[in-house]
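J.: What follows is a predicted protein model with its sequence.
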Amino acid sequence: MDTRASLLNISRMRPWEPVLWLIAFAAPLLLPSKALIVNEIAIVALFAVSLDLVLGYTGIVSLGHAAFFGMGAYSAALFAKHVMPDPLAGLAFGVATATLLGAVGSLTVVRGTDLTRLMVTLGVGLIMLELANKLDWLTGGADGLQGVVIGPVLGQFEFDLYGKTAAWYSLTVLLVCFVLARRLVHSPLGASFKAIRDNRLRAGAIGIPVTARIATAYTIAAALAGASGALLAQTTGFASLDVFDFHRSADVMLVLIVGGTGWLYGGIAGAIVFKIMYDVLASITPQYWTFWLGLFLVVLVQVGRDRLLRPWTWFGKRGRA
Amino acid sequence: MPEIVLSADKLVKRFGGITATNDVTLHLEKGARHALIGPNGAGKTTLINLLTGVLEPSEGRITLLGEDITRLAPHARVQRGMVRTFQINQLFHTMTPLQTLAMVVSQQRGIGARWWQKLGAQAGVAERCAELLAQFHLSDVQDQRTEHLAYGKRRLLEIAIALACEPRVLLLDEPVAGVPPGEREELLQTVAALPADVSVLLIEHDMDLVFEFARRITVLVNGTLLTEGTPDEIAGDPRVKAVYLGHGEEAAHG
Amino acid sequence: MLTILFDGIAYGMLLFILAVGLAVTMGLMNFINLAHGAFAMVGGYTTVLLMQRAGWPFLACLPLAFLVPALLGAVLERTLYRPLYQRPHLDQVLFSIGLTFMAVAAVDYFIGSTQQIMQLPEWLKGRSEFGSGAFALGMGHYRLFIIVVCALLTLALQYVLSSTRFGSRLRASVDDQRVAAGLGINVNVVFLATFAVGSGLAGLGGALGAEVLGLDPQFPLKFMVYFLIVVAVGGTASITGPLLAALLLGVADVAGKYYIPKMGAFIVYSLMIAILIWRPQGLFVRKGAK
Amino acid sequence: QDNVFKIGLILPMTGQQATTGRQIEAAARLYMAQNGDTVAGKKVQLIVKDDTSLPDQTRRLAQELIVNDKVNVLAGMGITPSAMAVAPLATQSKTPLVVMAAATSSITEASPYVVRTSFTLPQASVALADWAPKNNIKTVVSLVSDYGPGIDAEKFFNARMVNNGGKVVEALRVPMRNPDFAPFLQKVRDLKPDALFVFVPSGAGAAVMKQFTERGMDKAGIKLIGTGDVTDDDQLNDMGDSVLGVVTSHHYSAAHPSELNKKFVDAFQKANKNLRPNFMAVGGYDGMRVIYEALKTTKGAGGGDALLAAMKGQIFESPRGKIYIDAQTRDVVQDIYLRKVEKKDGQLFNVEFDVIKDVKDPGKSK
Amino acid sequence: MAELLQIENLSAGYGEAVVLSGVNLALPEGQTLALLGRNGTGKTTLMNTLAGATRQHAGSIRLGDAVLHKLPAHERAAAGIGWVPQERNIFKSLTVHENLTAVARPGRAGAPQWTPARVYEMFPRLAERKGNLGTQLSGGEQQMLAVGRALVLNPRLLLLDEPLEGLAPIIVEELLKAIRRITREEGLSAIIVEQHPQAILAISDLAAVLDRGSVVHRGGAAELRGQPALLDQLLGVVR
Ligand SMILES: Nc1ncnc2c1ncn2[C@@H]1O[C@H](COP(=O)(O)OP(=O)(O)OP(=O)(O)O)[C@@H](O)[C@H]1O
Ligand SMILES: Nc1ncnc2c1ncn2[C@@H]1O[C@H](COP(=O)(O)OP(=O)(O)OP(=O)(O)O)[C@@H](O)[C@H]1O
Ligand SMILES: [Mg+2]
Ligand SMILES: [Mg+2]
C-alpha cells in the first residue's frame, strides 16, 4: 500500500464509531430511567480515557489519578458555591486547576521505574486527600462540601431529578474531550508518546525530549481527569473527600484495563462494562457482588480480553494480531 | 586543515572499580569516515554512550560543532545533529516500521510536537518514509509490528531510524551484526554514500568492511587509545595484530 | 524516647513481615500479585479460627498459618497464576485484584464481616520496663516477639536467595523464562516453590499482624498500600532492601506521630515520595544494578 | 402498584463500613418480620442498595430510587457525607429521609425532610463529660479519629469537660488510615492524665483497647473512657478480659434491662447466626418503626409531607429505652447511659449503671 | 558411526504460523554441522525447536537414546543439549559467575568436565568481570558468556546460533580453534549457525542449507566450501 494512505488509514474513523455515539446520546431519551447511570458512565469513561493517555499511550503508570479528579471536583464545586453557578465556567475552572496540579505533579513522574511511579502518584493522591481533610474550613472536611448549587447549562437546561440534562452534559463533554484525545494520539506528538512507552532510551536517541513529553502527556491527562471530576461534582451538586481516595484511582485503572489500554475506546468500553456490571450485580446481591465482580475479572484475564470483548474473534482463527 | 565537528577530550568513565574509558581523546573531522576498533570490552560502546549522553563521563569534555555538550541531555545532542545506532537493537516494538519512521521523520523536521495534525499528513513525510523503507528493504514489512520481524529486518530498521534523523555526525555501533554478507556491503555503501559533509564513526568487528570503509582508524584497548592511523598503518601495526587482529586466515571472517 | 524507637522498629518489622512475601513474588518473580494481602488474610484467619474454634495454642497455629496459604498458593499457582507470568503487568493487576475481591467476599460470606480479635497467650501479653526519664524503654512482649521472628526470617531468606543456587536459578528464570528452561532449569518447579513460599510468608505475616492491625474481610484491601510502599521504597532486588525500608518507615511513622501528631497522616507518604524522587530505583538496590 | 409502599434503604453493604449495613439491614428485616409487611392496607417493600460508602453512589442510588422506583421513604445512610449528599434530593423530591446510622450533628439541618433515629456524637460524649469529673477524673486526653464524627466528639466532650471544671491536657487526632496506635497511646501515657477519652469508628475500637492494655496504661493509673463505639456490642465478646471495667456512654447496650430489649436481642440473634445487635441495629429497628407508625397515621395518603409530619413528635418505647423524635429538630431525643464492661454468663456486656434522661442533641443549641 | 542426532520430518513455528516444514537432518557423534541460510529462513527457529523453546507441530527428534521432542525444555539440557541463543539472553540480574553456576551440571562420567573455572580459562576476560551483572557486559563479553554458559551444561550437542557475531577477530580465531578442539578431542557434537560460510565451513564436517523453512542442501562441509558458485547460489549472495 502507498505509505501515505497506509499511515492515514490508522486514524480513519470506523463506521461503528458514529453509531456508538448516536446510541449514547439517544440513551437518556430511550431509557429515561437509565439517564443517571449513563451520566455516571460518561464521567468514569472520561476519567479512564484520561488515564489511558498516560498509561496506555505513554506507559506511565499512575495510581494517584484521583488527585486530579478530586482537584477538578472540588474546584468546580467551590467555584459554583463562591463565584458563580454557571456549569461551563465551573468546568473550565476545574480543568484549569487540575491542569496546574498536573503540571506540578508531572515533576514527580519523569524519573523512575513503574513501581516508583505507581507509589509516588499514589502518595500524591493520598496527600491531596489528607490536605482536603485538613482544610475543612474550605472543603467542609470529612462531612463533604455542602451548599453547592449548579445553575442551568448555557442558562437554559436545568439539572433535573431524572438526570437527563446531566447525562447529555457529561456525554457532550466526554465527546469533545474524546475527539481531542483522538486527534492527539494519532498526531506526531501522540506517536512520540508511544515511542517513549516502547523504548525510552531510543526515544531520546532520536531527539525526542523525553522528560518534557512525559510531563506534557501527564498534564494533558490531568486536565481531562479534572474535567471528569468537575462533571461529577456538578451533576451531583456535592463533593466529598472520597473523590481523592485511593480506590478511585484503583477503580479507574481497573476500568481501563478491563476495556484495554492504548485504544481510547478501552476506557469507554471498560466504563460501560464495569458500571453496568456493578449496577446489576449490586442490585441482585448487595452484600456479595464483589465476589462476582472479582470472578469476572479473573475470568476476563484468564480467557483474554480480546476474545471476550470482541465476540467475532471467538470463532475465527486465533493468532492474528 | 579540515574542520573538527566532534571531539572528545580526555574522557574518563569509571564503573565502580572498572575504568571502561581511560583518558580518551578523539577528533572527528567534517566528512570523516572513521572506524573505531578494539577487542571486546575495550570500551567502544561506552565511548559512544558518553558521546551521546546515555552515560555521564567521570572526567573530560565533549565538543560538538564548537559547542561544549558534556552535560547536555541526549535528545538535545540529537537535535544538534549527532545520531547513533545501538549495538543491541533498540526499537519501538508495538509500532510498525512505517509508523516508526514517520515519527522519526516528523521529529527531525521539527513537527514532532504537533498534536492537531495526523502523523504522515504533512507534506513530504510519507514520501521520505517510502524512500527509506525501499532503501533498507523494509517495504514488504512496513505494516507489521516491529516485534514480529525477523532479526535481520529489525537490524535494518535500527539503522534506517538513525538515517531518518538526517545526521551530521553518525555513530554506528556494530551496525551490520546479524545482516547477511551480501546486504552488509550494500548497507555500508548506503552509509558511505551519505553527503560528503556528514561525519561517520563506525564500530565494527568485520575487518573487511572496516578496511573498505574507513579512511582513518582508531584502536582502543582496555579503555585506552592504543593508536590511530590510516587503514594501511593499522593493518601493518604489530601491536594491533597482537591484541586484536590475530594472524590466522579466518581472522577477518567472511 | 527509646520506647518510641522500639515501637517504631516493631511496627516496621511488622510491615516487613507482611510485605516480604510480596517482595518475593513481585521483586523476584516479577509478578504483580495484589492478592498478596488475601494470602495474608488466609494466614490470619487460619490462626484466629484455630485458636477460637479448636482451642489451639498460638504458637502451634503459626506453622499452619504458613502452610495453609502456602498450599493454597501452590494450587493457585499451578492453575491460575502460571499462564499469566508472560502477560503484561496490567493483566496481572486485574487478575490479582479480582482474586482479592473474591477472597474478601468469600471470607465475608463464610465467616462474617466483623473484626476478629485474637487472644494472645499470657506470656506474650506482658510488658517490660527499663530505665527512666528520656531513656525509659518499655517493651511489649508481643512486639519483641515480632522483632525476633522477623529477624530470624530475614536471615534465612537472605541466605537462601543470595547464597544458594536456588536463588540464582530463580532470578535466572525470571529474567528469561524461555532461555532458562532451555538451559535446564525447571522453571515450573522453581516458580511453584517460590510462589508457595511467598504466599506462606504472607500468611505468617497475616497471623502475626492480626493482633496489632486487626483482622476483617477488608484486610487485603486496607493494607495493600502499605505493602506496596515498603516494596517500592526498599526496591525489589533483595530482601534487605524492603527490611531497611520497613524499619525506616516504621520508625519515622511512629516518631512522627508521637512528636508532631498533627502531621501524622502526611509523614509516611511525604517520606516515601521524597525517597523515591531522590532514589527512583528504591532506597536500597543491589550494587551496580541498572 | 398503588398499594405498595416502598422504602429505599441505602447502606454500605461492602467495604470498611459493611458491618453498619449488615446490622441495619438485619434489624430492618427483623422489624418487618415481627410487624408484618402490610400496613394500613399497603404492602411494604424494602429495596436495599449498596453504596459502598461513596456519597456520589448514595446520591445516584437515591435519585434512581426516587425517579424510577418512586420510593415513599429513603432510609439508611451509613456515613455523614452520604446523608449530606442525599439531603438536597430529599428536599427537592419531598421524600422523607430516615437517617439510621450517620451521627454528625448537622445532618438534620441539611434538609427539612431528614429524620434521625440513631444518635449524635455530641449526645453521647456530653453525658460522659458530665459523669467523669464526678468520678475522680480531673484531667483527660482526648483521642479521636480525624473525621466529622470524631471532631464532633472531641469538640463537645472537651468543652463540657472544661465547663465541668476538668482539664483537657491534649487533644489528639488520629488519621483515618492508621494501622498502629502505639505512638498516640505512648504520648498519652507520657502525659499521664486521669483518663483517656476515645472515639474511633467501631472496628478500630478493639485495636485501641488491646494496645491500651498492652502498653500497661491501666496499670499506670490511666482510665479509658469513651463513647460506646469503642466497646461495640458487635465485637465486645471477642475483646477479652482486658476490657473489663471500661466505662463508656451510649444510647444503647445489648444488655439494656428491659423486656422489649430482651425480645429484640433474642429475635435478632436467632435470625442472624447468633450475631449480637449493636447500636446500629437499634437505629435501623427504630427507624423502621418510625416509618411504620407514620404510614399507619397517614394511611398512606398525603405523600411525603404528610409522612414527615407523622414522623415528627413520635414517642415510643425502643429496645434502648424511651425515645422521641423532636418535632422541631427532627432529631432523636433519648436517654444516654453510662455503662461498664462486665462479664455475665461468661459473656462480656456493657452493663448500664447510670442514666441521663432525655438528652437532646447539644449540637443544635449552638 | 552411530547418529547422535536424528531429526525427522520436523515442522515448527510461532503460534499458528509455520516456519519450518519437513526438516530431516542427522548428525553423527563428535561431528560438527554448519547450518547456513539467508536471513529469516528459519535457522534460529530450528535451533530453538531443538532446545524446546519453539512450538513444534510435528516430527520427531532423537538425541542418542532420548526422545527429545517428548521432553519438556528443561529436561533437554539433562539429555545433552547446550544452547547458545542468537540474542545471547544473558540473565541480566545475575552476575557473570552466577550465570554460569545457576545452570552448571556435571557431565557424563569419564568425559572431560566443563566447569566455570575452565570457562574462565578459555575467556580470561570473563574472569575479570566475574562480579559484573549481565547487563554490565560489553556485547562481545555477553557472547563469550553465552558460549561459556552452554559449555558448563556439559552437553553432548552444542547449539551455537551465530556465535561469532560481535567478537573481535582474534577472539573469533580462538573460539573457532576451541570449537574444533572440543569437537575433535572431547567428542562433542555441534550445530553452528553462521552468516559467514567460509570460516565456519572450515571447521565443520557437514553442512546443511535452509531456505524458507526447508533443507535445500545437505553434504560435506569441505565439499561445499570448495564450490563457491554453489554456495553463492544457495545463499543468494549474488542476486
Ligand atoms: N554499567 C557497567 N558497570 C560496570 N562495568 C561496565 C558497565 N558497562 C560496561 N562495563 C564494562 O566496561 C567495559 C567496556 O564495555 P564496552 O561495552 O564499552 O565494550 P566494547 O568495546 O563496546 O566491547 P564489544 O566489542 O564487546 O562490544 C566492559 O569490560 C564492560 O564489562
Ligand atoms: N517470535 C516470532 N513470532 C512470529 N514470527 C517469528 C518470530 N520469530 C521469528 N519469526 C518468523 O520466523 C521466520 C524465521 O525466523 P528465524 O529467526 O528462524 O530466521 P533466521 O534464519 O534465524 O534469520 P536471521 O538470520 O535473521 O537470524 C521469519 O520469517 C520470522 O519473521
Ligand atoms: Mg560494544
Ligand atoms: Mg537467526
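T.: Structure's in. What do you need? Ligands and ions are numbered 1, 2, ... in the order given.
J.: Can you pull the phi and psi angles for whatever residue of the stretch 1-150 of chain C ends up closest to ligand 4?
T.: Proximity to ligand 4, evaluated over the stretch 1-150 of chain C using Cβ to the ion, is greatest for C:Q86 at 21.4 Å. (Glycine included, C-beta is placed from N, CA and C.) Torsion angles at C:Q86 (phi, psi; degrees, to the nearest 10) stand at phi -90, psi 0.
J.: Name all residues that make contact with it.
T.: C:Q177 (Cβ atoms under 8 Å, 6 or more residues apart in numbering or on different chains).
J.: Cross-check the contact I'm expecting between A:N133 and D:G148.
T.: No. A:N133 lies out of contact with D:G148 (Cβ atoms under 8 Å); the separation is 9.9 Å.
J.: Who has more neighbours out of the two?
T.: D:G148 (27 against 21; other Cβ atoms under 10 Å in any protein chain shown).
J.: right, quick check: stretch B:97-111 against chain A, any contact?
T.: Yes. Interface with chain A: stretch B:97-111 contributes B:98-100, B:102-104, B:106-108, B:111 (Cβ under 8 Å from any Cβ of the partner chain).
J.: Next, see if that stretch gets close to chain E.
T.: No. Using Cβ under 8 Å from any Cβ, we find that stretch B:97-111 stays clear of chain E, coming within 14.6 Å at best.
J.: Now do that stretch, average pLDDT.
T.: Mean pLDDT, stretch B:97-111: 93.
J.: Does ligand 2 have contacts with it?
T.: No. Stretch B:97-111 is not in contact with ligand 2 by Cβ under 6 Å from any ligand atom; minimum separation 12.9 Å.
J.: do the same with stretch C:175-185
T.: No. Using Cβ under 6 Å from any ligand atom, stretch C:175-185 stays clear of ligand 2, coming no nearer than 10.3 Å.
J.: again with stretch B:80-93
T.: No. Using Cβ under 6 Å from any ligand atom, stretch B:80-93 stays clear of ligand 2, coming no nearer than 11.0 Å.
J.: lowest average confidence, helix or strand, in chain D?
T.: helix D:204-214 (a mean of 83; mean pLDDT, DSSP states H and E).
J.: Which is the succeeding secondary structure element to that helix?
T.: strand D:223-227 (DSSP states H and E).
J.: Parallel or antiparallel, which strands does that following strand pair with?
T.: strand D:195-199 (parallel), strand D:247-250 (parallel) (DSSP bridges).
J.: show me what contacts residue 279?
T.: The chain I'm using is chain A. With Cβ under 8 Å, 6+ apart, A:D279 has these contacts: A:I37.
J.: switch to chain D, that's the one I care about
T.: D:118-119, D:228-229, D:232-233, D:250-252, D:320.
J.: Distance check, it against ligand 1.
T.: Using Cβ to the nearest ligand atom, to the nearest Å, D:F279 is found at 63 Å from ligand 1.
J.: Then D:R29?
T.: With Cβ to the nearest ligand atom as the criterion, D:R29 and ligand 1 are 67 Å apart.
J.: Give me the helices and strands touching the helix or strand in which that residue is found, please.
T.: According to DSSP H and E, D:R29 maps onto helix D:18-35. Where contact means 3 or more Cβ pairs under 8 Å, 6 or more residues apart in numbering or on different chains; DSSP states H and E, helix D:18-35 is packed against strand D:4-11, strand D:42-50, strand D:73-76, helix D:259-271, helix D:279-298.
J.: circling back to that earlier point, intersection of neighbour lists for A:N133 and D:G148?
T.: A:141-142.
J.: so how many other residues sit close to C:V230?
T.: Count around C:V230 with other Cβ under 10 Å applied: 28.
J.: Then the one 10 residues further on?
T.: Applying other Cβ under 10 Å, we find 17 residues neighbouring C:T240.
J.: what does A:T113 give?
T.: 16.
J.: can you check B:G17 too?
T.: Neighbours of B:G17 using other Cβ under 10 Å come to 6.
J.: Paired strands for the very next helix or strand once past the helix holding D:R29, with orientation please.
T.: Using DSSP H and E, the helix or strand that follows helix D:18-35 in sequence is strand D:38-39. According to DSSP bridges, strand D:38-39 forms sheet pairs with strand D:42-50 (antiparallel).
J.: can you give me the helices in chain C?
T.: All helices of chain C, identified by DSSP state H, fall at C:2-22, C:36-53, C:58-76, C:89-111, C:122-125, C:141-163, C:165-175, C:177-182, C:187-213, C:219-222, C:224-234, C:240-259, C:264-278.
J.: So which residues on chain E come close to chain C?
T.: So chain E meets chain C at E:48, E:51-53, E:72-78, E:81, E:83, E:85, E:89, E:91-94, E:98-99, E:101-103, E:105, E:132-136, E:149-150, E:153 (Cβ under 8 Å from any Cβ).
J.: What about those residues, which are in strands?
T.: E:81, E:83 (DSSP state E).
J.: now the residues of chain E next to chain C: which count as buried?
T.: E:48, E:51-53, E:73-77, E:81, E:83, E:85, E:89, E:91-94, E:98-99, E:101-103, E:132-134, E:136, E:149-150, E:153 (16 or more other Cβ atoms under 10 Å in any protein chain shown).
J.: Return only those of these found close to ligand 3.
T.: Residues shared between these and the neighbourhood of ligand 3: none [Cβ under 5 Å from the ion].
J.: Just the ones in helices from those residues, please.
T.: Those of these lying in helices (DSSP H): E:48, E:51, E:73-77, E:98-99, E:101-103, E:149-150.
J.: Tell me the gap between stretch D:224-231 and the middle of its chain.
T.: 12 Å (Cα atoms, centre = their mean, to the nearest Å).
J.: Please read the previous query as pertaining to stretch D:140-160.
T.: Worked out by Cα atoms, centre = their mean, stretch D:140-160 lies 16 Å from the chain centre.
J.: Any buried residues in it, and which?
T.: Buried residues in stretch D:140-160 (16+ other Cβ under 10 Å): D:140-160.
J.: same check, this time on stretch D:163-176
T.: Quick answer for stretch D:163-176 (16+ other Cβ under 10 Å): D:166, D:168-169, D:171-176.
J.: which regions of the chain sit below the pLDDT cut-off?
T.: Chain wasn't specified; assuming chain A. Of all residues in chain A, those with pLDDT under 70 make up the ranges A:1, A:306-321.
J.: you looked at the wrong chain, it should be chain E
T.: For chain E, the ranges with pLDDT under 70 are E:1, E:236-239.
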